[in-house]
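> Quick one: sequence and predicted model below, then my questions.
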Amino acid sequence: MNKNDKEELTILRMLSILALLLLASVACAPPAIKTTALMPAKFHEAAQLKEVAVLPFEGERGREFSAEIEGVLAGVNIGDKQYFSLADS
């Protein structure tokens, strides 16, 4: 065995040990738990709004953007109830 072979073996051993340590640290990670939290509005008046309207945006993809915002607002639920009602614009 020449010097280069010994260096390669040393590097391979270090990489093997590093891989084992990485695997062990992943195995010890706690399970992820998904939670939902309600945060108070920064401005109390904003929390009083329940009916909203999304006005059309100008530009090449303005209608698509408006529809996307409406979809996000329509998807906000608290419990089993839709939080916002969308007014016609």
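It's in. Residues are numbered from 1 along each chain as shown.

> When you work out contacts or count neighbours from here on, use the C-alpha atoms and nothing else.
OK.

> Give me the below-cutoff pLDDT ranges for the protein.
1, 89 (pLDDT under 70).

> show me where it has helices.
In the chain, the helices defined using DSSP state H lie at 3-27, 44-47, 62-74.

> Contacts for the shortest one next, please.
Contacts to helix 44-47, defined as C-alpha atoms under 8 Å, 6 or more residues apart in numbering, come from residues 40-41.

> Tell me how far that helix lies from the chain's centre.
25 Å (C-alpha atoms, centre = their mean, to the nearest Å).

> Pull out the CA atoms of stretch 81-89 and give them to me as CSV.
The C-alpha trace of stretch 81-89 is given here as CSV (Å, rounded to 0.1, in the frame of the first residue of the first chain):
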residue,chain,number,x,y,z
LYS,A,81,-67.0,27.6,8.6
GLN,A,82,-65.8,29.9,5.9
TYR,A,83,-64.4,33.1,7.5
PHE,A,84,-64.9,35.5,4.6
SER,A,85,-67.9,36.0,2.4
LEU,A,86,-66.9,37.4,-1.0
ALA,A,87,-69.0,40.3,-2.3
ASP,A,88,-69.5,40.8,-6.0
SER,A,89,-67.2,43.4,-7.4
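
> I'd like the helices of the chain as CSV, with distance to residue 36 and mean neighbour count appended.
Converted to CSV, those look like this (distance: least, C-alpha to C-alpha, whole Å; neighbours: other C-alpha atoms under 10 Å):
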stretch, distance to residue 36, mean neighbour count
helix 3-27, 25, 11
helix 44-47, 18, 9
helix 62-74, 17, 14
